[in-house]
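Asker: coords please:
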Amino acid sequence: MEEIIQRIEESWEKYIYILSVAKYYWIQKKSFFSHSETAQNLLITPKQLTELRKYYIEEYTGFVYKQWWQEGYFNLLDEDQILSPSKTPELHPDIQELFETVCGKKKQNIEYLHKAVLWKYNNINSPHIPAVVFYGAGWSGKGTFMTLLSQIFWEDNVLVNLWQQDLTSNFNTFQGDKIALEYAEISSNNASRDIGMINKLKNIICAETITINLKHVRQYQVDNIAWFIISSNNSIPI
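Answerer: Sure thing, here's the model as predicted:
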């Protein structure tokens, strides 16, 4: 068994066990695996894996994704990834131009967007921030704005370019492990289908918890801290 542990520690595979769904979780791959699948991945027998669970593999009640931590839960947020504030802050002209462009040069919108980014940075754990809707012609900086958020909060914590299918599917693409995420071009020009997507958005924007439904995994709930961005090249985005 000591040889097995040494081999595991020398590899890049790190597994934990989540009690609420009775599954192993491969941290690096962000995926769930059954007992037999985990044993196969580690090149050990199911019996050896059971022994490892007794004293080596860490167990958690469930997941949490927020600043700080919660006892008994595995925190999916790596706070060290978030950009640290500068001791000599300066707004780069390119960033200023980006804000002006996505806000249509409207002073009130520009001021609001600056405040929204700052508020979210200082209140990572809170979902209570309204969604921002960008709409209009292409090449107006909407994607670049999401890239900026990916630099501030880091790319692992920002999910971009979700679309209609991600709102109509029975399974979650967004699993509650993002600080900001973008839904792009979600209108389908089908009134009944669009109403369903809008209702789903209503249920998750500013929601404190969301239910995660993944294939072959028992449903579970997680705290929701995401800031939602909706973008479209159409004049009527949703």
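Asker: as a whole number, average confidence for the longest helix along the chain?
Answerer: Using DSSP state H, we find that the single longest helix of the chain is helix 107-122. Helix 107-122 comes out with an average pLDDT of 97.
Asker: in the protein, which residue is closest to the centre?
Answerer: Nearest to the geometric centre of the chain sits residue 178, at 2.1 Å (C-alpha atoms, centre = their mean).
Asker: Show the contacting residues for that residue.
Answerer: Contact analysis of residue 178 by C-beta atoms under 8 Å, 6 or more residues apart in numbering lists 157, 158, 159, 226. Placement of C-beta: from N, CA and C, glycine included.
Asker: pLDDT weak spots in the protein?
Answerer: For the chain, residues meeting the criterion pLDDT under 70 lie at 137-139.
Asker: Show the residue spans covered by the strands in it.
Answerer: Using DSSP state E, the strands found in the chain span residues 15-18, 23-26, 31-33, 59-60, 62-64, 73-75, 132-135, 158-162, 180-184, 209-214, 217-223, 227-232.
Asker: and of those, who's closest to residue 110?
Answerer: Closest approach to residue 110 among the strands of the chain is made by strand 132-135 (12.2 Å; C-beta to C-beta).
Asker: Show me what that closest one is in contact with.
Answerer: Against strand 132-135 from outside (C-beta under 8 Å, 6+ apart): 102, 113, 116, 140, 142, 145, 227-238.
Asker: mind redoing it with 10 Å?
Answerer: The contact list for strand 132-135 (C-beta atoms under 10 Å, 6 or more residues apart in numbering) reads 102-104, 109, 112-113, 116-117, 140-143, 145-146, 180, 182-184, 227-238.
Asker: my guess is residue 157 contacts residue 121, does it?
Answerer: No. Under the criterion of C-beta atoms under 10 Å, residue 157 is not in contact with residue 121, lying 11.7 Å apart.
Asker: For these two, work out which one has more neighbours and name it.
Answerer: residue 157 (24 against 15; other C-beta atoms under 10 Å).
Asker: Let me see the contact set for that one.
Answerer: Residue 157 neighbours (C-beta under 10 Å, 6+ apart): 65, 76-79, 81-82, 124, 149-150, 177-181, 225-226.
Asker: go on, residue 26?
Answerer: 13, 14, 15, 16, 32, 33, 37, 38, 41.
Asker: redo that, cut-off 8 Å
Answerer: Residue 26 touches 13, 14, 15, 32, 33, 38, 41, counting by C-beta under 8 Å, 6+ apart.
Asker: Tell me how far it lies from residue 15.
Answerer: Counting by C-beta to C-beta, to the nearest Å, the separation of residue 26 from residue 15 is 6 Å.
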